[in-house]
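K.L.:
Sharing a model that was predicted from the sequence below.
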Amino acid sequence: MVTVVHENLDVTDAKMSTRDVSVYYGDKKAIDEVSIDIPTKYVTAFIGPSGCGKSTFLRTLNRMNDTIPSARVEGEITLDGEDIYRSKMDVVQLRARVGMVFQKPNPFPKSIYDNIAYGPKIHGLAEGKEELDAVVERSLKRAGLWEEVKDRLSDSGTALSGGQQQRLCIARAIAVDPEVILMDEPCSALDPIATAKIEELIAELNGRYAIVIVTHSMQQAARVSQRTAFFHLGKMVEYGRTSDIFTNPLEQRTQDYITGRYG
Amino acid sequence: MSPAILLLLALGLGLAGWLAARARAWAFRCESADGRLASLPTYHAWYVALWIVLPVVAFIAVWSAIAPGLVAQSVLASPAAADLPAFGFQRQTILNEARAVATGAAPAVFNPQARALVEPFRDALSYYNTIGIVVTVLIAFLAGAWAFLRLKPDFAARSRVERIVMAILLGASLVAILTTIGILGSLVFETVRFFGMVSPLDFLFGTHWGPDPMGNPENPDPTRYGAVPLFWGTLFIGAIIAMIVAIPLGLMSAIYLTQYANPKIRSWVKPALEILAGVPTVVYGYFAALTIAPAIRDLALQLGASSASSESALAAGLVMGVMIIPFVSSMADDSIAAVPQAMRDGSLAMGATTSETIRRVLVPAALPGIVAGIMLAISRAIGETMIVVMAASTAANLSGNPLEAMTTVTVQIVAMLTGEGSFDHPATLSAFALGFVLFMVTLGLNFVALRVVKRYREAYE
């Protein structure tokens, strides 16, 4: 069965593209031949019921599945037209270009400053203290966290509230100047107010980075994204503009899911 | 009547109580309208049985501690004891002889004075035995009857038994703690005796160690009891040389096992490493003395060292370091594995390599656990005896040269206790002072290590 892609979808400026991507965990097929073009300028949301494979698929986009020994990926995934699974691909560079924010905030048990400086340091992006200070400040400002933490940069990152920790993790991802940011249910561990702040932040980052967000909440997908892909049982069922998907879905299963009939 | 027989008696009475209580509970069940009890009949049975056995066991424990004293007292009060020699060794020997004959352990007496005491001893023993049995039975019946009378159809025997079980478990854990306190007490007692003969200052800060077990015990030479060379030897072998071996190897093997090894290799290597911890230290001692020490001596001679000893601090320290590897590595392994996977993912997703992730995120996050492991390893190394007894020497030597022979606190404890001095000679007693210092140091290290581990556990919960 083929994915339904809305005809009015503009796919000319794809940042990342996948062609017939399947993911296996051992013998189990978790993702079945997904082909999608992820636009440069927009926020793309992956929605679908639990266990539909949307997080698994997201993790193939920066090869985080490599850390799971039994996982195997088939098909082609390109970033700016380059195959990221080719043997010469430098995974370390790939992950610097395609950053990731996780479901549960995972700041390192280091100071706020060191959390942000971590990426620039290992990639040699900043020379000297002043440049590093500037990167830290810029990243925290972009993540909307600067005003809250500027007086306590040496405090531990784990001492922040959950929402602040998640924005710290976004700032950390921004600090290495990625082209794509993958967000794996970034608000699922947060309260509504912290969630609203993260959504606001995503809106501000939109346009500067290609953003892909996996979410359980259809309202969130509707609020933050311009493109939505609906996943079900390891397959991508439907892909189109967010407004079209939510108001005028072409597939019965999409319709059922967004009207809350299952999932 | 020995405590063992009293104990059997108690168990027999407990069994009787168990059966009686269960029968009673069954009877309740038959009488009641719906055939239901608040607790199962077995719980009623256990409740009564525990109430019989536990008080009796407590009584037996107390009784077997005080009964011999009571017997001796009544023997001494008898007229035959009037012409015994004054308190001391001789008097004790006579009493022991009389007791041995009275209990049937020895066929006949050697000392005529003891013969007169055999009869009073027999009388006293049978008198107190009778008291013991009577009280045992009395307690069993009183406690059993009290418990038995509480049984009712709606009696919560189940939760009562639960509480008694908890008390028993608590008691079991208290035994270990009380033993530690007891050990400390006995050490302190002998140590104080030693410090009555040699000043603690001379002992702790003197730099010459050479007690003379044949010297005059009344007037020991305090300059021969300076333990600094022993402390230095212990520190040098156990905390410096051994740790130079154990820390890097243990840490690296832990990192390999947690981060790089695939499950198949891990399932082989980890048990193999743990076997290393199970090798008796005597075997390590052979290895150090027969293989490593001569090899080091030959190597030193080839390199032009003038006086290489076949007993060197280096040999003992190296082998001890190998012995300690599993301790360092398993603690480091646990604490690295306890760092949440999310930390690792977060670092990898930033584009860090595995080794950068280990160096910059995992090891710093696991550092308190690793440090605690190292401290536990040190405390084990400095308390280690067999390797140093076999591979180091008994010559106290204050030197920084690892090729020289050195001795440690534990070696000297062994030497002093197995030496030729009498037990109350200061040379022998010095072993207790050394043991006391060692005990305090390892206790302190363990205490600090446990505090560190606790704080670090809290950081992730």
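P.N.:
Cool, got the structure.

K.L.:
check contacts around the residue nearest to B:His208 when sequence neighbours are not counted.
P.N.:
Counting by CB to CB, 6 or more residues apart in numbering or on different chains, B:His208 lies nearest to B:Gly226, which is 4.8 Å off, once chain neighbours are set aside. (Glycine included, C-beta is placed from N, CA and C.) Residues in contact with B:Gly226 (CB atoms under 8 Å, 6 or more residues apart in numbering or on different chains) are B:Asp202, B:Phe203, B:Phe205, B:Gly206, B:Thr207, B:His208, B:Trp209.

K.L.:
rerun at 10 Å
P.N.:
Residues in contact with B:Gly226 (CB atoms under 10 Å, 6 or more residues apart in numbering or on different chains) are B:198, B:201-210, B:396, B:398.

K.L.:
Kindly supply the ChimeraX command isolating those of the residues you listed that are buried.
P.N.:
Buried members of the contacts of B:Gly226 can be picked out in ChimeraX with the line below, counting by 16 or more other CB atoms under 10 Å in any protein chain shown:
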select /B:198,202,203,206,209,396,398
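
K.L.:
Closest to chain A out of the contacts of B:Gly226?
P.N.:
Nearest to chain A, judged by CB to the nearest CB, of those is B:Leu204 at 40.7 Å.

K.L.:
That closest one should be in a helix, yeah?
P.N.:
Yes: B:Leu204: assigned to a helix according to DSSP: H, G, I helix; E, B strand; the rest coil.

K.L.:
Tell me how far it lies from B:Tyr225.
P.N.:
From B:Leu204 over to B:Tyr225 the distance is 10 Å, taken as CB to CB, to the nearest Å.

K.L.:
Report the set of residues contacting both of the two.
P.N.:
In contact with both B:Leu204 and B:Tyr225: B:Ala433, using CB under 10 Å, 6+ apart.

K.L.:
For burial, what's the neighbour tally of B:Val75?
P.N.:
For B:Val75, the neighbour count with other CB atoms under 10 Å in any protein chain shown is 24.

K.L.:
who are the neighbours in contact with the nearest residue to A:Phe46 once chain neighbours are set aside?
P.N.:
Spatially, and ignoring its direct neighbours in sequence, A:Phe46 is nearest to A:Lys54 (4.1 Å; CB to CB, 6+ apart). Contact partners of A:Lys54, counting by CB under 10 Å, 6+ apart, are A:31, A:34, A:45-48, A:184-185, A:212-216, A:229-232, A:234, A:236.

K.L.:
Next: A:Met218.
P.N.:
Contacts here follow CB under 10 Å, 6+ apart; on that basis A:Met218 touches A:Ala45, A:Ile47, A:Gly48, A:Thr228, A:Phe230, A:Ile245, A:Phe246, A:Tyr257, A:Ile258, A:Thr259, A:Gly260, A:Gly263.

K.L.:
let's go with 8 Å and repeat that
P.N.:
A:Met218 neighbours (CB under 8 Å, 6+ apart): A:Ile47, A:Phe246, A:Tyr257, A:Ile258.

K.L.:
can you redo these as CSV with pLDDT, neighbour count and secondary structure?
P.N.:
Shown next, in CSV, are these (pLDDT from 0 to 100; neighbours: other CB atoms under 10 Å in any protein chain shown; DSSP: H, G, I helix; E, B strand; the rest coil):
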residue, pLDDT, neighbour count, secondary structure
A:Ile47, 93, 29, strand
A:Phe246, 92, 17, helix
A:Tyr257, 91, 23, helix
A:Ile258, 89, 19, helix
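
K.L.:
how about those residues, which pair is most distant?
P.N.:
Farthest apart among the contacts of A:Met218 by CB to CB are A:Phe246 and A:Tyr257. That separation is 10.7 Å.

K.L.:
Domain-wise, how is chain B divided?
P.N.:
Following automatic domain parsing, one gets these domains for chain B: B:3-155, B:222-459.

K.L.:
Quick check: which of these is buried the most?
P.N.:
domain B:222-459 (a mean of 20; mean count of other CB atoms under 10 Å in any protein chain shown).

K.L.:
Pull the distance from it to the chain's centre.
P.N.:
20 Å (CA atoms, centre = their mean, to the nearest Å).

K.L.:
again, but for stretch B:141-151
P.N.:
Relative to the centre of its chain, stretch B:141-151 is centred 39 Å away, using CA atoms, centre = their mean.

K.L.:
Close to chain A: what parts of chain B are there?
P.N.:
Selection of chain B residues close to chain A by CB under 8 Å from any CB of the partner chain yields B:262-263, B:340, B:342-353, B:356, B:360-361, B:364-365, B:459.

K.L.:
got the phi/psi numbers for A:Ser156?
P.N.:
phi -70, psi 140 (degrees, to the nearest 10).

K.L.:
for it, what are its contacts?
P.N.:
Contacts of A:Ser156 (CB under 8 Å, 6+ apart): A:Pro109, A:Lys110, A:Ser111, A:Ile112.

K.L.:
now the closest residue to the second one other than its chain neighbours: how far from chain B?
P.N.:
Of all residues not flanking A:Lys110 in the chain, A:Gly157 sits nearest, at 6.2 Å (CB to CB, 6+ apart). Remark: distance between A:Gly157 and chain B (CB to the nearest CB, to the nearest Å) = 11 Å.

K.L.:
picking up where we left off before, ok, now how distant is the residue nearest to A:Phe46 from A:Val34?
P.N.:
For A:Lys54, the distance to A:Val34 equals 10 Å [CB to CB].

K.L.:
Would you verify that B:Ala305 is located in a helix?
P.N.:
No: if the criterion is three-state DSSP, then B:Ala305 is coil and not within a helix.

K.L.:
Quick check: the gap between it and B:Asn401.
P.N.:
Applying CB to CB to B:Ala305 and B:Asn401 gives a distance of 9 Å.

K.L.:
What mean pLDDT does the helix or strand hosting B:Trp63 get?
P.N.:
Using DSSP states H and E, B:Trp63 maps to helix B:41-77. In this model, helix B:41-77 has a mean pLDDT of 87.

K.L.:
B:Ala38 is in contact with B:Leu151, isn't it?
P.N.:
No: when contacts are counted by CB atoms under 8 Å, B:Ala38 is not listed as touching B:Leu151 (10.5 Å).

K.L.:
Enumerate the residues of chain A near chain B.
P.N.:
Counting by CB under 8 Å from any CB, chain A sits next to chain B at A:62, A:64, A:67, A:69, A:92-96, A:99-100, A:102, A:104, A:106-110, A:118-119, A:122-123, A:158, A:169, A:172-173, A:176.

K.L.:
can you give me the strands for the stretch 1-150 of chain A?
P.N.:
For the stretch 1-150 of chain A, applying DSSP state E, counting those that start in this stretch gives strands covering A:4-5, A:14-25, A:28-39, A:43-47, A:71-79, A:82-83, A:98-101.

K.L.:
Next: chain B.
P.N.:
For chain B, no strands are identified by DSSP state E.

K.L.:
among the domains of chain B, which gets the worst mean confidence?
P.N.:
domain B:3-155 (a mean of 83).

K.L.:
Just give me how far that domain sits from the chain centre.
P.N.:
29 Å.

K.L.:
Stretch B:186-205 now?
P.N.:
With CA atoms, centre = their mean, you get 22 Å for stretch B:186-205.

K.L.:
What's the end-to-end length of it?
P.N.:
With CA to CA, to the nearest Å as the measure, the ends of stretch B:186-205 fall 24 Å from one another.

K.L.:
Just the buried residues of that stretch, please?
P.N.:
B:Leu187, B:Glu190, B:Thr191, B:Phe194, B:Phe195, B:Met197, B:Val198, B:Asp202, B:Phe203.

K.L.:
Just list the residues touching the third one, thanks.
P.N.:
Contacts for B:Thr191 were tallied using CB under 8 Å, 6+ apart; they are B:Leu429, B:Phe432, B:Ala433, B:Gly435, B:Phe436.

K.L.:
Sitting in helices, which of these do you find?
P.N.:
Taking DSSP state H, the ones among the contacts of B:Thr191 that sit in helices are B:Leu429, B:Phe432, B:Ala433, B:Gly435, B:Phe436.
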